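**Q** Sharing a model prediction with you, sequence too.
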Amino acid sequence: MFDIFWRAVGIGIGATILMDIWAIVYAKATGTPLPNWAPVGRWFWHLKDGKVFHDDIATATPYEHELALGWIGHYAVGILYGIMLVLLMGPAWLAEPTFLPAWVWAIVTVGAGWFLLQPGLGIGWAASKTPNPNKVRFLNLVAHTVFGFGLYGTALLIR
């Protein structure tokens, strides 16, 4: 059982790394900035006070280590998603990973961003308060598809 746990952790880390590589490639190809995890760190920091939703996370009290906390939170969530996938699919999936469950799970996890994190940051449900919500939604789906490839690929590598 302990082996299964550590493999699930590895799957989450591998998938998150692939997602970050995708963000770098996308940023270089389009000239857009890399994701800034500091606002996410600030959001995580304010959760301790029971504050989930902000009108604008930029106006919330800053936290000195919010960038580091944002990166830690980003990887912790990726690990959690890896563990949850393995719990949902069971040891048989670890022995013979298939792409479809990993991809479906990765797309399902977009919901946490759309209905928890994004409104928590003050950018609205599914980025509705951003200048181009459909573009943000599309890029979220692409990034999570890459995450799904990472879940599957890492599972293949460590099986």
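**A** Perfect, I can see it now. Quick caveat, the model's predicted, so the values are computed rather than measured.
**Q** how close does residue 97 sit to residue 105?
**A** Separation of residue 97 from residue 105 (CB to CB, to the nearest Å) stands at 12 Å. To be clear about C-beta, it is placed using only N, CA and C from the backbone, and glycine gets the same treatment.
**Q** Off-centre distance for stretch 90-108?
**A** Centroid displacement of stretch 90-108 relative to its chain, using CA atoms, centre = their mean, to the nearest Å, is 17 Å.
**Q** Tell me which residues of it come out buried.
**A** Neighbour counts over stretch 90-108 (16 or more other CB atoms under 10 Å) mark 93-94, 97, 101-103, 105-106 as buried.
**Q** is it true that residue 79 touches residue 9?
**A** Yes - counting by CB atoms under 8 Å, residue 79 does reach residue 9; the two are 5.3 Å apart.
**Q** what is the mean pLDDT for the longest helix along the chain?
**A** Counting residues, the longest helix found in the chain (DSSP state H) is helix 2-30. When pLDDT is averaged along helix 2-30, the result is 97.
**Q** Run through the neighbouring helices and strands of it.
**A** helix 66-89, helix 91-95, helix 133-158 (3 or more CB pairs under 8 Å, 6 or more residues apart in numbering; DSSP states H and E).
**Q** Now render those helices as JSON lines, adding distance to residue 43.
**A** Output for these, formatted as JSON lines (distance: least, CB to CB, whole Å):
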{"stretch": "helix 66-89", "distance to residue 43": "8"}
{"stretch": "helix 91-95", "distance to residue 43": "32"}
{"stretch": "helix 133-158", "distance to residue 43": "16"}
